[in-house]
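Engineer: Okay, predicted coordinates and the sequence, questions at the end:
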Amino acid sequence: MSSTSRPSFMRRIAPAVLLGTSAIAVVALFDPALHGGGDDALASAALPATTSTTDSAGQPSTAEGSTSGSTSGSTSGAGSTTDSATSSKSKNNSNSNANSNGNSNSSGNSTSGACDNPQVIDGDTIQTRYGPVQAEAQVSNGQVCSFTVIQYPQNDPRSQQISAQVVPWLEKAATAQGANFQHVSGATYTTEGYRQSVQSILDQL
Amino acid sequence: MTQDREWVSSQYQVEQPARRRAARLAPTPRARLLGSDVQAIVGFTLVVTLGLWVVDGGLDALIHPGAQMVLSIGRLTGLYAAVFALFGLILAARPRGLERRYGMDQMLKWHRLVGITTVVLVVVHGIFDTVGYAMTAQVNVVAQLVDFAQNSPWMLAGIVGGLLFVIIGLSSWKRLRSKIAYETWYFVHLTAYLAVILAFGHQVTMGSDIVGNRWALVWWFGLAIVAFGYVLYARFGDIFRSVTRGRLEVTHIRREADGVGSIHISGPGLRGMRADAGQFFMLRVMKKGLWWQPHPFSLSAGPTRDELRFTVKNLGDGTTEILGLEPGAKVIVEGPYGNFTAREADGAPVAIFGAGVGIAPLRAILEDVTSDQRPVVILRGAKDDEIIHRHEIEQLVAERNGTVYVLAGPRAWFGNGDPFRPDLLKAAIPDIASRHAYICGPGSFEYAVEKSLRALKVPSYQIHTERFGI
């Protein structure tokens, strides 16, 4: 017809086809949800990110948008914990910060002092909106050697990712400070649940 | 030469009784969906979505300055971006239930507004959430984006989807839109489906208003499933019905004026179809290079079991090829669309105003006008031969004891440049205020006629226009 210089139909839709296929390709190749080692990504990448993003108060920060750190205490009113902790423990925080920088593979077994023939005490299982949280203590002669986290939210990838960052920190914080540790901004529910579970162990002693 | 011309009615004698026509198709049902239904559904969707955000502490976070506030805004804009994107898809899919209530031109206007809103929300959401996460984690924005892409499931897909929305928005921006081929723009626009799907993943893995709240998750999946279902139904339901009803093909194409032709379509596919004179169909010619683009064509004759006739102006965007089709070309029709039918007048007297190819649906409507409605028809064209279907209209009007005025020639000839001056209208149609007016033609023509009608106190519910299907 009159359209001698007009590019062909295929040529005219080429930009859109290119756009669509490259969008799919980028996601298929690189998105952690599809890129095979999703767990790998959580374990290896999330944790270094934690240490590098540890904020000045010594907390790992996970920006879980839902849980506004400032509006804590949705499970129970534990605002006071946060306040007293902040005021009294800048020294401790810097200690635990120094600790956490070294070993990212969790657990407070490095606690000073011998922990011979530890007795294991499990705390209450606290249901949070993201899943159950439970603490466990290794107790020797009435003294807690270390706290570990034996249940944490992992129902969905997001919770897994947050837990991967928060759990090691919680274990250290509880081992050092008992139930008197700060809320982790962005993981309020998990922190609060863990605090209650730790408290239930301390109550048994 | 250039002095004012009178409005002169054309004299026409009925020369022969109108030839017997085949039985008309059954009329289309009236709109079942009320405006209040749509408002309720849209309002409910917006409120529940806001509720997700409020329940999850969005309001609380909003009054605390810092990262939480930034994240709170990011979450709200993200939620609404997703909802508006679904609205946009629905409007563009032209579901007939909605179209019958609001009309296609209104829906496309809304689609544009909703689309712009979506792109703005997507951009704000992207910026605020990235900044908010970066603030909490105390890293820079680039590091945060890299972290998103590497560590957060479906986040990269969300980013890619957001970028697609921005590209779609830019390509529809008037300045760029005029520079790119229609097909390029159209197919880039189609990637919106991909963008919505890609972005869905991060909403249910990262969206903290949704994750961890079973009812929120049910709502969110439900919303997406219902919206996509409706879109699929609207997009493919009519095509499916058209194909299953049977074959439709072009029987012949007649030249009506310069660049205007009528396309006659027939076939077993007409059986069981419902349509009214004055409505339009989206017509798809099943030929290489044409199949993908449906064209809105108005019926220019009452649709019968034997034939649909569309009168079409050559606008270059594929209509050139369509007007050059050989008989036998297969077509698929979607529709009918539009409320531009004689039913709107409900038997009251009518005044009919047509210009250019806009005369086509009016010609069809005239078949459904009775002599009790004493039709007065005003046809306008810059030249005599622009008045398409003139003889058919004169015959139809003569059979109905009506009057036809033909205003052909430069505009300066009539009413000192305003052919539809209120006093001229009033002189030709003294009872204009009690008539239902049907107007179809170029925008400036419709505007001029409507302005005069309003000056003559014709209530707006008595004014019917069609802008889309011509």
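Structural biologist: That came through fine. Everything quoted here is computed from the prediction, not taken from an experiment.

Engineer: Now do the strands in chain A.
Structural biologist: Per DSSP state E, chain A carries strands over the ranges A:119-128, A:131-140, A:143-151.

Engineer: And those strands: which comes nearest chain B?
Structural biologist: Nearest of these to chain B, taken as CB to the nearest CB: strand A:131-140 at 7.8 Å. Quick note: C-beta positions are derived from backbone N, CA and C, even for glycine.

Engineer: What sits closest to residue B:308 if chain neighbours are left out?
Structural biologist: Spatial nearest neighbour of residue B:308, excluding adjacent residues (CB to CB, 6 or more residues apart in numbering or on different chains): residue B:265 at 4.6 Å.

Engineer: Any chance you could list what contacts the helix or strand hosting that neighbour?
Structural biologist: Using DSSP states H and E, residue B:265 sits within strand B:260-266. Residues from elsewhere that reach strand B:260-266, judged by CB atoms under 8 Å, 6 or more residues apart in numbering or on different chains: B:248-256, B:283, B:297, B:300, B:306-314, B:322-323, B:325, B:331, B:333, B:357, B:388.

Engineer: what's the neighbour count on the residue in the stretch 351-470 of chain B positioned nearest to chain A?
Structural biologist: As assessed by CB to the nearest CB, chain A sits closest to residue B:357 within the stretch 351-470 of chain B, at 20.6 Å. Per other CB atoms under 10 Å in any protein chain shown, the neighbour tally for residue B:357 reads 26.

Engineer: Check residue B:63 too.
Structural biologist: 12.

Engineer: If we ignore the residues flanking it in sequence, what's nearest it?
Structural biologist: Per CB to CB, 6+ apart, closest to residue B:63 is residue B:69, 7.5 Å.

Engineer: The one you found contacts residue B:62, doesn't it?
Structural biologist: Yes - look at residue B:69 against residue B:62 with CB atoms under 8 Å: they come within range, at 5.7 Å.

Engineer: ok, back up a step: for the strands of chain A, could you give me a markdown table that also reports mean pLDDT?
Structural biologist: Output for the strands of chain A, formatted as a markdown table (pLDDT from 0 to 100):
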| stretch | mean pLDDT |
| --- | --- |
| strand A:119-128 | 86 |
| strand A:131-140 | 87 |
| strand A:143-151 | 85 |
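
Engineer: Make TSV out of those strands and add mean neighbour count and distance to residue B:289.
Structural biologist: As requested, these are exported to TSV (neighbours: other CB atoms under 10 Å in any protein chain shown; distance: least, CB to CB, whole Å):
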stretch	mean neighbour count	distance to residue B:289
strand A:119-128	17	59
strand A:131-140	21	56
strand A:143-151	20	62
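
Engineer: Please name whichever of these is nearest to residue A:33.
Structural biologist: strand A:131-140 (19.6 Å; CB to CB).

Engineer: what's that closest one in contact with?
Structural biologist: Contact partners of strand A:131-140, identified using CB under 8 Å, 6+ apart, comprise A:114-126, A:144-155, A:159, A:174, A:190, A:193-194, A:197-198, A:200-201, A:205, B:212.

Engineer: Tell me which stretches of the stretch 351-470 of chain B form helices.
Structural biologist: B:359-367, B:390-399, B:422-428, B:443-455 (DSSP state H, counting those that start in this stretch).

Engineer: Give me whichever of those is most buried.
Structural biologist: helix B:359-367 (a mean of 29; mean count of other CB atoms under 10 Å in any protein chain shown).

Engineer: So what angle separates the directions of that helix and strand B:260-266?
Structural biologist: Orientation check (axes from the mean of the first three to the mean of the last three CA atoms, to 10 degrees): helix B:359-367 against strand B:260-266 gives 50 degrees.

Engineer: and residue B:71, what helix or strand is that in?
Structural biologist: Per DSSP H and E: residue B:71 is located in helix B:67-92.

Engineer: Now do that helix: distance to the chain's middle.
Structural biologist: 25 Å (CA atoms, centre = their mean, to the nearest Å).

Engineer: Can you list the buried residues in it?
Structural biologist: Residues of helix B:67-92 classed as buried: B:67-92 (neighbour count, 16 or more other CB atoms under 10 Å in any protein chain shown).

Engineer: what's the next helix or strand after that helix in contact with?
Structural biologist: Next along the chain after helix B:67-92, taking DSSP H and E as the criterion, comes helix B:96-102. Helix B:96-102 is contacted from outside by B:28, B:30-35, B:38, B:90-91, B:107, B:110, B:234, B:238, B:335, B:337-339, using CB under 8 Å, 6+ apart.

Engineer: Residue B:285 versus the residue in the stretch 301-450 of chain B that chain A sits nearest to, what's the distance?
Structural biologist: Going by CB to the nearest CB, chain A is nearest to residue B:320 of the stretch 301-450 of chain B, at 6.4 Å. Distance, residue B:320 to residue B:285, by CB to CB, to the nearest Å: 12 Å.

Engineer: more crowded one of those two?
Structural biologist: residue B:285 (22 against 14).

Engineer: quick one: contacts for that one?
Structural biologist: Residue B:285 neighbours (CB under 8 Å, 6+ apart): B:250, B:291, B:321, B:322, B:325, B:329, B:330, B:331.

Engineer: Let's see the pLDDT reported for the closest residue to residue B:62 other than its chain neighbours.
Structural biologist: Leaving aside its chain neighbours, residue B:62 sits nearest to residue B:72 (4.8 Å; criterion: CB to CB, 6+ apart). Looking at residue B:72, its pLDDT is 89.

Engineer: Over to residue A:34?
Structural biologist: Residue A:34 carries a pLDDT score of 77 in this model.

Engineer: Restricted to helices, list the contacts of strand B:260-266.
Structural biologist: Among the contacts of strand B:260-266, the members found in helices (DSSP state H) are B:322, B:323.

Engineer: Just the buried subset of the contacts of strand B:260-266, please.
Structural biologist: Looks like these have B:248-251, B:253, B:256, B:283, B:297, B:300, B:307-314, B:322-323, B:325, B:331, B:333, B:357, B:388 buried, using 16+ other CB under 10 Å.

Engineer: what's the neighbour count on residue 189?
Structural biologist: If you meant another chain, say so; for now it's chain A. The local packing of residue A:189 (other CB under 10 Å) involves 25 other residues.

Engineer: The intended chain is chain B.
Structural biologist: The number of residues packed around residue B:189, counting by other CB under 10 Å, is 16.

Engineer: which stretch of helix or strand covers the closest residue to it other than its chain neighbours?
Structural biologist: What sits nearest to residue B:189 in space, not counting adjacent residues and going by CB to CB, 6+ apart, is residue B:168, at 5.8 Å. Counting by DSSP H and E, the element that carries residue B:168 is helix B:155-172.

Engineer: Now do the very next helix or strand once past that helix, average pLDDT.
Structural biologist: Using DSSP H and E, the helix or strand that follows helix B:155-172 in sequence is helix B:174-177. Across helix B:174-177, the average pLDDT comes to 88.

Engineer: residues in contact with helix B:174-177?
Structural biologist: With contact meaning CB under 8 Å, 6+ apart, helix B:174-177 is reached by B:170, B:171, B:185.
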